[in-house]
Structures are given as C-alpha cells and as structure tokens.
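Student: Task: produce atomic coordinates for the following.
(chains A and B)
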Amino acid sequence: MRRVLNIILTILLTIGFVLLGAFVFRSSFIRLFYAFKDFGLSVAYYFCEMFGISHNITPTVNSIPEVQTPQVTLPTDFDGFKDNTSQYFSLLFSSDNFNGWLAHISGAMADLAKILIIIMPCILVALLIIKVLYKKENTKHGKDTVPLKVFKAISKGTYQPIKRFIREYVAFIRRNGWIWICWVILWAFNFNLATIVVEFFAYYFYFAVEFDFGTIYTQFVKLFADLKTPFIYFPYWALLLLIFPLFDKFRKRIANSRLRHYEARNCGFINELPIVSLTCGSMGKKKTTAITDMALSQEVMFRQKAFNILQKNDMKFPMFPWIKFEKAMQAEIENGRVYNLATVKCWVISLEQSGELFGYDGERYGLEYDNGLRTENIYSVLSTYAQAYFIYIIESSLIVSNYSIREDNLLADTGNFPMWLTDFFPTNFRRNSRHSHILDFDILRLGKKVLENNPNAGSFEFGVIGITEIGKERGNNLELQEKKKSADEANQKNDRFNSWLKMCRHSATVDNFPFIKVFADEQRPESWGADARDLCDIVNIVSSGELKLAMPFYTIGDMLAEWAFNKFIGLYYDFRFRRGDNTLLVYVLKSVTAWLWKRNVKIYNRYGFSVLKIEKERGTMDGKVQKKKYYLMSAKIYRKRFATDCFADYFNDMALRTNVGLNDYREYLTECASVNELQAQNSYFINALYGLGGDS
Amino acid sequence: MKILKRILVITALVVIALLISYLAYTGGNVNA
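Tutor: Here you go, the predicted model:
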C-alpha cells in the first residue's frame, strides 16, 4: 500500500514537473532548441573547416537569439561593458552614491525598528503572562497541561503523519536513485542549465577553428542571461537553500582532510618510536587513550606496510600468477595447515621441494631477481610475499592487549585481491566490530610460565602489544626484592620477559621490517624495572588540551547551540523545581533546544580533536627531552574503542559481595572527631597513637 | 579567546553584509 502511494506520488510529481516545463519554463526549451542549432552549425563548421570541404555555413553561436533578449542584463558589446564598469567604479567611490546608500540603509533600519516596536510589547506581554501562569507550583508528576494535550492531539493528526510520510518518501527516493536523477535532469532543462552545457560545446567547436578571442564577451553575456532563468521564478535568497548544503559539505570535507592530516602526523610520531614505548602521565592524562590510539594506528600501518611489501615483491616477478599463489595459500589457511609465519615459510619450502610454480613460465620470464646487490631466487621472493600476504590477509585484529580494544577495519573481498578499508574518518561509519586478542602473558615469557605447558607459549610472532598499567604487572627492582630468580613458580625475575622484549623483533621481521610494536602505560616510568624501561622511549603526557573543532565556519552554529542550551537549562530546572507537570511552552522549547544540542554534540564528536602535549625522552632518562604533539580525534578514539574503566569489573565484583554503600558509612557527629570516630578509621597512624593493631 | 573569536566572526559577517549591500546598491545605480 505504502509503495503504491509512493509510486503514485512520484508519477504525480513528475507530471507536475513536466507540466511546469511545458507552461512555465517554455522559454528554456525554446532557448535549448536554439542552443542545439548553434551546436549543430558549429560542429558542421568545425568539420568542414578541418577537412577543407567548401561550405557556406555561418555559425550562430555568437548571436543572441530573440528568446534570450529579455533576460540579457549585461551590455551586448564589450565597449558598453567597459563604459558600465568605469561608471560603476566611479560611483563606488562617489560620496553622493555613498550618502544615497546610507539613506537607503537608514530607511531599511527604520522599517525594522517599526516592526520591533510592534513586536517587543507583544513579547513582553507574552513573557509576563507565561511568568504568571507558570508561577503556580504543583506536584502533578508527568501530567500534561490542557494546551499541551491539545497541541499533541493536533500534532498527532497533522505534523507527525506528514513528517513520517515525507521521511518515508525521502527514503523511497534514496532507494530508487534513478528517480532523483531523472528529476535533476528535468529541472536542469527547466532552469536552462542544459542549454549552458550545449552552448559550451557549440562555442568549443567554433573557437577551435576561429580562435576569435573577441567573441568571448558575447558568450559571457549569453551565459549570464541563461543563468538568470531560475531567478525569474525564485528570489535570490532561495539560492541559500542550494548553497547551504554545498557549503556544509565543503566545510565537512575540510574537517575530514584536517583530521586525516593529524592522523598522518600521529603515524609519523609512532614511526619515530622504538619497538617498545612507555606512555606516562598522572591519572586522567589520557595515557590509556593515547596507547589505544597508537595501537589502532600501528595496526593500520602494519597492514599498509604488508601491502607495500606485496607490491614490491610482485614487481620482482611481474608475470608470476600471484592470484593463484594467493588462493592456494588461502586454502592452506582455511585447512589449518598455515596459521603463523613459521608455517608459511614451511609451506613455501614444500612448494620449492615439489617445484610448484602455479603455471609460471620460468624459462621465459626468469627464476631469479637481481636487485643490484644480490640475486634472489623465486622461492625466496615467494616466501617473503607469502609472509607479507599472511600478515595482510589475516582477518582478525593484530592487537594483543591486556584490555579490550574495539576496531572496525573491514576486509573487502570480491574473490580476487582483497582490500582493507581502514579509514578512521569515513563518510558512513562501518558497523562491523572486532576486538583485540586477550594477552596471555605466557606468550611473552621465554623462561618460566605461569601456566605450565601453556599451549599458547612460544606462539607469538608479530602484532601490536598493548599493556596498560605495566608497572603493576612487572614491578620495579624495589618491589621485586623479595622475589627469587631460583623460585619454582614463575615470577618477574625468572620468566625472561625482558629477554623477549630485547629479541621480539626477530620473530616478526618480514622483508627486513619488524611487524611488532609494544605500547605500555604507567603513571611513573620508575614503576617499571630499569632493565626493561631502558629499552623504551618514554612518552610523558604533559597536558591534554581542550576539545577543538576541525570543521571551519561553525562559530555561529556553536554559539547558537550553546546560547540555546544555557538559556533553556536555567529556565527548565527552575520550572522543574516548582512544577511536576508538562507544559506546552517547555515541551516546544525543550524539543528545539534538544535538537540544537544533539546536532552540536554530533558535530563535535565527528569533527572534534584534542592535542596532547608530549615530552619524549630516552628510557635511560638521561637524555634531552623532545617536545611533541599527539592528536586525539574523537571520531577515531572515542567510538567505543575501549573502556576507560577497563578494570571496573574487579571492583564491581568486590562491591557486589558487600552489603554496604556510601550511605551506610558513619558520618562525623561534629566538626571535631571523637576518639571512637578516630578509631573507626582503621588507620595505621591512629592505631599507633592508641597502641592498637600489629605495628603499635 | 572563544568570545573574542565570536565577536570577530560576527563583526566580519556584518561588515561583509554591508559591503555586499553597498556593492549591490551601486550596481543598481549604474545607467539609472
């Protein structure tokens, strides 16, 4: 039923547009006929001149047709234009003209003042009435007033069905894009825009032969006359309706390119870091946010680097059937025979042993590649290609972390070479999600393991490691004094985690590039033992800047939203303090304010960013500090990437086991605590004073 | 800082509006 209604409306609208074209915009079609005539004559003229065919064709592209004459506003010849221009500039700097303009403005202001004089008392009276009406206090919780009930009833029967209908109809048009395209073409004809396109080609063919620059002015005259058509029927300000969406798109495009530029700068910063880095800062300085952001960028960079290695190795044997090789490898991955870089290498060795080359004609195209320094065998290149392809194709997160990180990269695959969609700022956000792998610390231990015979031990080769609060996990020399290297159970001294840190790049290197990076955070660098910390660069977050907007030309919108919210919220809570019912005025004001507020929040979330001021130093903490900036883009890092309270479940579980809340804690009875109240603190200090507890 | 930026933007908009108005008014007076 709904579909039939949409189709009927579409047909009616189309008929309406066609009728408008036939009766209202008829001159546009007559003008289009002349444009085609110009075009035909110009094309004929062009070919006759080009092939030296004798003719008596006179191109009409430089003459103004009669149908266009009423719309011509510029002088028809260039001399007239020059006269008008000089007259315009002399008027521009003439005092009489300026005084005339001032008088004109004053007249407009006087009209405005008259309107204000009429409106202002009305507003004042309305405000007074509202104040008196709203002064009455009540506790009718959630009850609608009579005006609101009437408004809702009228809205239910009028505004809401129309709004729903229009929304559904717009969705229908979007689903059937060809309708929209047909209408755009139809209106391009109505508004004379098709004529401009045809005239352009008519003049193009004429100009290619004649090269007569003197005729360009006539074309401008015709162009301006053609462009005038829409404004005969619509006022000039209607152009705003067309310009604003384009302007909005333009500023959003600028914002996106700025955000992508900041992301590129972040990537530059991350690339400068060594394999292990420790991000430090006091609580709330966005340490975990920063390492999460870096891990997300690093994963994308690893995929890009793997892709880059694939491209370069492809070029070494350009005629090799890479697609067959890739598909064979994918089959091995699906069969579970290839699951890490070591098995990838074994698979290529087995190919070499069987002499499998997937139909590649080695005799014709060669089996060796000489890079000017050394010669590479085809299987050596295949091994590198396969490892890079494995890193590229693996359809799970490359991040392994001790807290969850969400990512939304998408592997687009049509059955040929798959491509990753990794843009953090797409027009439409991807809805798919995957999360980082759980970090089993045993995979990073070369010595004793917490879980004996852990099946995961030794499996980690490449990826991005994210460890939050690493000091609490690894401790420092002071904290580990009691731990013994010779202990039977695994501890920080005998697990050889630090040895792994020092050697981790060996398992992760493909084509001389290490596909491994460790990002850790802690409040103080000293909390992590010096042996490991000395390997890192320390990224100290000095300050986290306020939220800024990458989108330009939004000052007025921002101001309006802020003003509406601040004004309304004061009134609203004053109203809520006094009354419990729902009134029409609050209902309308709240709807408008909420719309403005939501729109503003969306823009800040989508195009907002903040800058972290960073001081980078060597892990030995004896070098020069480098001042850097790191950009945190809301659209990238605050899109449900991680939980700032990632260990909340531990505390939640503890709290659930008790039967006590904040309300149940005892309060002091006076400003001075009694002995009993002091002892209720279970403080070491107080207990020592009273000789209570073990340390007294 | 934010207030200063807003004042500057509003002033610029008013100036641009007046300028356009003057240019348009002058254009209307050509050949008048």
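
Student: which regions of chain B lie under the pLDDT threshold?
Tutor: B:32 (pLDDT under 70).

Student: residue boundaries of the strands in it?
Tutor: In chain B, no strands are defined using DSSP state E.

Student: which bits of it sit near chain A?
Tutor: B:5-6, B:9-10, B:13, B:18, B:21-23, B:25-27, B:29-31 (CB under 8 Å from any CB of the partner chain). Quick note: C-beta positions are derived from backbone N, CA and C, even for glycine.

Student: Please pick the buried ones from these.
Tutor: B:9, B:22, B:25, B:26, B:29, B:30 (16 or more other CB atoms under 10 Å in any protein chain shown).

Student: could those be laid out in TSV, adding distance to residue A:188?
Tutor: Converted to TSV, those look like this (distance: CB to CB, whole Å):
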residue	distance to residue A:188
B:9	36
B:22	34
B:25	33
B:26	33
B:29	34
B:30	32
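
Student: Between those, which sits nearest residue A:670?
Tutor: Closest approach to residue A:670 among these (CB to CB): residue B:9, at 55.5 Å.

Student: Identify the residue nearest the closest one in space, chain neighbours excluded?
Tutor: Closest residue to residue B:9 apart from its sequence neighbours, by CB to CB, 6 or more residues apart in numbering or on different chains: residue A:555 at 4.3 Å.

Student: Residues contacting stretch A:476-491, please?
Tutor: Stretch A:476-491 is contacted by residues A:445, A:447-450, A:492-494, A:526-530 when judged by CB atoms under 8 Å, 6 or more residues apart in numbering or on different chains.

Student: What lies in contact with stretch A:50-67?
Tutor: With contact meaning CB under 8 Å, 6+ apart, stretch A:50-67 is reached by A:27, A:30-31, A:34, A:37-39, A:41-42, A:44-45, A:47-48, A:72, A:76, A:199, A:202-203, A:206, A:209, A:215, A:218-219, A:221-222, A:225.

Student: before we move on, the earlier item: hmm, which of the contacts of stretch A:476-491 are the buried ones?
Tutor: Members of the contacts of stretch A:476-491 classed as buried by 16+ other CB under 10 Å are A:445, A:448, A:449, A:492, A:493, A:494, A:527, A:528, A:529.

Student: out of the residues you listed, which touch chain B?
Tutor: Near chain B, by the rule CB under 8 Å from any CB, you find none of the buried ones among the contacts of stretch A:476-491.

Student: Turn these into TSV, including pLDDT and distance to residue A:617.
Tutor: Listed next are these as TSV, based on pLDDT from 0 to 100; distance: CB to CB, whole Å:
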residue	pLDDT	distance to residue A:617
A:445	94	28
A:448	92	32
A:449	93	33
A:492	91	24
A:493	90	27
A:494	91	30
A:527	92	16
A:528	92	14
A:529	89	17
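
Student: Relative to residue A:561, which of these is nearest.
Tutor: Closest to residue A:561, out of all of the buried ones among the contacts of stretch A:476-491 and judged by CB to CB, is residue A:527, at 42.9 Å.

Student: Distance check, the closest one against residue A:488.
Tutor: 27 Å (CB to CB, to the nearest Å).

Student: Residue numbers of the stretch 551-696 of chain A in contact with chain B?
Tutor: Residues of the stretch 551-696 of chain A found near chain B (CB under 8 Å from any CB) are A:555, A:556, A:559.

Student: quick revisit: possible to save the buried ones among the contacts of stretch A:476-491 as CSV with secondary structure?
Tutor: Shown next, in CSV, are those (DSSP: H, G, I helix; E, B strand; the rest coil):
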residue, secondary structure
A:445, coil
A:448, coil
A:449, coil
A:492, coil
A:493, coil
A:494, coil
A:527, helix
A:528, coil
A:529, coil
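
Student: Mind picking the two most distant members of those?
Tutor: Checking the buried ones among the contacts of stretch A:476-491 with CB to CB, the most distant pair is A:449 and A:527, at 23.7 Å.

Student: Which pLDDT does the model give residue A:695?
Tutor: Note for residue A:695: predicted pLDDT of 50.

Student: Enumerate every residue touching the residue lying closest to residue A:312 once chain neighbours are set aside.
Tutor: Leaving aside its chain neighbours, residue A:312 sits nearest to residue A:511 (7.8 Å; criterion: CB to CB, 6+ apart). Residues near residue A:511 by CB under 8 Å, 6+ apart: A:309, A:312, A:313, A:384, A:387, A:388.

Student: now swap in residue A:363 and tell me
Tutor: No contacts exist for residue A:363 under CB under 8 Å, 6+ apart.

Student: Just confirm it is within a helix.
Tutor: Yes - under three-state DSSP, residue A:363 falls within a helix.

Student: Distance check, it against residue A:378.
Tutor: Distance, residue A:363 to residue A:378, using CB to CB: 12 Å.

Student: so residue A:497 sits right up against residue A:532, yeah?
Tutor: Yes - shown here, residue A:497 and residue A:532 form a contact pair, counting by CB atoms under 8 Å, at 7.4 Å.

Student: Next, show the common contact partners of the two.
Tutor: residue A:474.

Student: Verify the assumption that residue A:250 is located in a strand.
Tutor: No - if the criterion is three-state DSSP, then residue A:250 is helix and not within a strand.

Student: okay, it: pLDDT?
Tutor: At residue A:250, pLDDT is 96.

Student: got it, and the one 4 residues further on?
Tutor: The model reports residue A:254 with a pLDDT of 97.
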